[in-house]
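> sequence and computational prediction follow.
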Amino acid sequence: MNNVSLMIRLVAEPEAPREFGDNCVLELRGVHNRKKKGEDSPVWISVNVWNGWAKNFTGKKGDICFVNGYLDYDEWEDKDGNKRSKHYLVANTIHVGNPPPRDGDGGGESKPSDDLPF
């Protein structure tokens, strides 16, 4: 099983999706903050968003995104002949918006927001 769900904050402005015939891909860069030994430990992640999700993506730098997808891995040689590799997340779904308050967070009852795309 290869399924990943993350909440990330975009750290760069998304560029226009690259098109390949009938397909297109949008490459995003984000950070997932987690606690490690009581201190913030950022996990930097690249996310590839394909086709309809890429064409309709409305996020911008600083936005929170909820991503569900799977991990993938690429290997290549750079222009100097050095071997390079990279793990990244391929998004099956991606939603932009702030998380609803959780019970016990002082937010009270969680209600849907009209400005969320989902």
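Thanks, I have the structure now. The structure presented is a predicted model; accordingly, all values stated were derived computationally and were not measured.

> where does this protein dip in pLDDT?
98-118 (pLDDT under 70).

> go through the one helix or strand Val25 maps to and flag the buried ones.
Secondary structure from DSSP states H and E places Val25 in strand 23-36. Within strand 23-36, the residues that count as buried by 16 or more other Cβ atoms under 10 Å are 24, 26, 28-30. To be clear about C-beta, it is placed using only N, CA and C from the backbone, and glycine gets the same treatment.

> where's the nearest residue to Arg18 once chain neighbours are set aside relative to Lys35, distance?
Residue nearest to Arg18 in three dimensions, not counting chain neighbours: Val25, with 5.5 Å by Cβ to Cβ, 6 or more residues apart in numbering. Per Cβ to Cβ, to the nearest Å, Val25 is found 32 Å from Lys35.

> can you list contacts of the helix or strand that Pro42 is a member of?
For Pro42, the enclosing helix or strand under DSSP H and E is strand 39-50. With Cβ atoms under 8 Å, 6 or more residues apart in numbering as the test, strand 39-50 has contacts from 6, 8, 11, 17, 23-35, 57, 65, 67, 69, 72, 86, 88-91, 94.

> buried set for it?
Result for strand 39-50 [16+ other Cβ under 10 Å]: buried residues 45, 47-50.

> report the contact partners of Met7.
32, 64-67, 99.

> so in terms of bridging, what pairs with it?
Phe66 (DSSP bridges).

> state the distance from it to Val67.
On the measure of Cβ to Cβ, Met7 and Val67 end up 8 Å apart.

> same check on Tyr88?
For Tyr88 relative to Val67 (Cβ to Cβ), the value is 11 Å.

> quick one: which of these two has more around it?
Under the criterion of other Cβ atoms under 10 Å, the comparison of Tyr88 against Val67 puts Val67 first, with 23 against 17.

> hmm, Arg84 is touching Glu77, no?
Yes: between Arg84 and Glu77 a contact is recorded at 6.9 Å, counting by Cβ atoms under 8 Å.
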